[in-house]
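>>> next come a sequence and a model predicted from it.
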Amino acid sequence: MSGWLFLAVAIVVEVAATLSLRVAATGRRAWYLPVGVGYLVAFGLLSLALREGMPLGLAYGVWTACGVALTAVAARFLFGDPLGPRRLTPGGCRVSGGRRRARRRSARSDGPRAAAG
């Protein structure tokens, strides 16, 4: 099995485990079993991809980007979660969060400084 195949299966298993976590969080405790097993299997497969010679930065970057996108799309269809471009990419998540923090800081700093100036 090639490193890419190990990584692809690891991503699918990790997404399934994350979706199971969403179900478990609603009070269905039995779903914590597939969560734990899924994460163990996913990390095991990731380690096999690394053993095949895949660079860590590449493997983790692909794992993260694909995991975020697949989880967002699956959660949209399974749970009705909102879906937009900001939720599909890790960069979009960081950028939108950074923009919100900057707006809050700006709003807080405009009040006292404007009054003092």
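Okay, I see it. Given the structure is predicted, the values throughout are model-derived calculations rather than measurements. Numbers count the residues shown, from 1 in each chain.

>>> when you work out contacts or count neighbours from here on, use the C-alpha atoms and nothing else.
Noted.

>>> now Ala24. Nearest residue, chain neighbours left out?
Distances taken as CA to CA, 6 or more residues apart in numbering place Trp31 nearest to Ala24, at 4.8 Å, with adjacent residues excluded.

>>> and that neighbour, what does it touch?
Neighbouring residues of Trp31 by CA atoms under 8 Å, 6 or more residues apart in numbering: 20-21, 23-24.

>>> quick check: Tyr32 vs Arg22, distance?
Distance check for Tyr32 against Arg22: by CA to CA, to the nearest Å, it reads 10 Å.

>>> spell out which residues are contacts of both of those two.
What both Tyr32 and Arg22 touch, as defined by CA under 8 Å, 6+ apart, is an empty set.

>>> if you count neighbours, what's buried in stretch 17-29?
With burial defined by 16 or more other CA atoms under 10 Å, the residues of stretch 17-29 counted as buried are 17-24.

>>> wait, which of those is closest to Leu50?
Ala17 (20.8 Å; CA to CA).

>>> now Thr71: closest residue in space that isn't a chain neighbour?
Val15 (5.7 Å).

>>> so the one you found touches Val73, yeah?
No - taking contacts as CA atoms under 8 Å, Val15 lies outside contact range of Val73: 10.5 Å.

>>> and what about Thr26, helix, strand or coil?
Put simply, Thr26 is coil when judged by DSSP: H, G, I helix; E, B strand; the rest coil.

>>> and stretch 59-78, what's buried?
59, 62-63, 66-75.

>>> so which strand or helix has the most centrally placed residue in the chain?
In the chain, the centroid-proximal residue (CA atoms, centre = their mean) is Val68; its distance is 3.8 Å. Using DSSP states H and E, Val68 sits within helix 56-79.

>>> which secondary structure elements does that helix sit against?
helix 3-24, helix 32-51, helix 85-88, helix 90-116 (3 or more CA pairs under 8 Å, 6 or more residues apart in numbering; DSSP states H and E).

>>> quick one: average pLDDT of the third one?
Within the predicted structure, the mean pLDDT of helix 85-88 is 66.

>>> residues in contact with Thr18?
35, 71.
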